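**Student:** Okay, predicted coordinates and the sequence, questions at the end:
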Amino acid sequence: MQTTTTPAQAIQSTTGRTFQLRPSSPRDWAGEWPTDRSGDIFVSETVGNCDGSVFGYWLGDKTLACEGVIPAIQAHMDDHDVVGTRVIFGFPEDAHSSLKADLAEMKQRAAKAGLLAVREGIRVRVKSNQARIGGDKYPGREGVVQSENGTTGDYWNVRLAATARAQERVELFSLDALEVLTTTDELAALPPMSGKAFASQLDKAGSLLLAGASYALVPHKVDGLPDGWAINVAYPDGTRKTFGLHHPLTRSLALRVAAQDAMDWWLNRREAQPQVTLG
């Protein structure tokens, strides 16, 4: 979370005045959609006073520490009468008609790379106009990404939240059908690594610890299978699980199974399981 007690500052070179870049919630700017852009920063404007306006700078998938962010904000300030500044961590839902295409392109780019790329733990909304042959699939529903589809690239399993008329469910969506809702000040709540990164590290190290759960990749040969593998897991409450005990897995499948369980452990079971202290 963004917990800094001293807000970052930006200097308006035309006046020499210093403005604090105070964090603001996207909800506070709902309806005040951006009408301007400076670099990769979208800018909203709201009423200030007779001396100028209050401007909201949407950081998208960036933080104030990212290269070019503060200069882009200051460049915009130099061209306007400013009485207050706010920074919003995330993308706006909408923008002025002249910026809609830019916003859509930037959101799509961010979903594939960067701090807010789609991965396990990211909050998303299912888009309308999905260009599916069978029509839109659950448009407007919101949920949390659970895991990447194991065989098809750029497809993700999403746990859709329950609504007044529909139960919670897990569904598969293409990357193009998902809009990221997570903001950069929520990054600390995400798993410390993606499922792919977990599998890669487990492949190299042979064992890995994630939030108290221990994962070990071990050779496991049954009925003469020359290259069988299993995953041994020990959870903080003392329970244990073995994947591939009776039917050994290939190494790649074992790593994928471990990664999916690790992400599920972090997202859905970790906080509910009591922690056991030994000794």
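**Tutor:** Happy to help now that I have it. Numbering: from 1, shown residues only.
**Student:** With adjacent residues omitted, what lies nearest to residue 108?
**Tutor:** Closest residue to residue 108 apart from its sequence neighbours, by CB to CB, 6 or more residues apart in numbering: residue 176 at 7.4 Å. Every residue, glycine included, has its C-beta placed from N, CA and C.
**Student:** Run through the residues that contact that neighbour.
**Tutor:** When contacts are counted by CB atoms under 8 Å, 6 or more residues apart in numbering, residue 176 is found next to 108, 127, 130, 131, 154.
**Student:** How many neighbouring residues does the second one have?
**Tutor:** For residue 127, the number of neighbouring residues by other CB atoms under 10 Å comes to 19.
**Student:** now it: how far from residue 107?
**Tutor:** 10 Å (CB to CB, to the nearest Å).
**Student:** where do the contact lists of those two overlap?
**Tutor:** Common neighbours of residue 127 and residue 107 (CB under 8 Å, 6+ apart) are residue 179.
**Student:** Break down the protein into its helices, ranges please.
**Tutor:** With helices called from DSSP state H, the chain shows them at 69-78, 100-112, 195-205, 251-264.
**Student:** With mean pLDDT as extra columns, can I get those in a markdown table?
**Tutor:** Listed next are the helices of the chain as a markdown table, based on pLDDT from 0 to 100:
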| stretch | mean pLDDT |
| --- | --- |
| helix 69-78 | 95 |
| helix 100-112 | 88 |
| helix 195-205 | 93 |
| helix 251-264 | 93 |
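**Student:** now those helices as CSV including distance to residue 13?
**Tutor:** Compiled in CSV, the helices of the chain are given as follows (distance: least, CB to CB, whole Å):
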stretch, distance to residue 13
helix 69-78, 5
helix 100-112, 26
helix 195-205, 42
helix 251-264, 46
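**Student:** Kindly state the pLDDT recorded for residue 275?
**Tutor:** You'll see residue 275 listed with a pLDDT of 52.
**Student:** wait, which of the contacts of residue 176 is closest to residue 251?
**Tutor:** residue 154 (23.8 Å; CB to CB).
**Student:** Report how many residues lie close to residue 170.
**Tutor:** Quick note: residue 170 (other CB under 10 Å) scores 12 neighbours.
**Student:** Start at 34, not 1
**Tutor:** Let's use 34 as the start, then, which means that last one is residue 203.
**Student:** Residues in a beta bridge with it, which ones?
**Tutor:** Judged by DSSP bridges, the bridge partners of residue 203 are residue 192.
**Student:** Also residue 178?
**Tutor:** Beta-bridge partners, per DSSP bridges, of residue 178: residue 191.
**Student:** Where do the domain boundaries of this structure fall?
**Tutor:** Following automatic domain parsing, one finds the domains of the chain at 41-121, 151-219, 224-302.
**Student:** Now those in CSV, please, with extra columns for distance to residue 136.
**Tutor:** CSV is the format used below for the domains of the chain (distance: least, CB to CB, whole Å):
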stretch, distance to residue 136
domain 41-121, 7
domain 151-219, 11
domain 224-302, 25
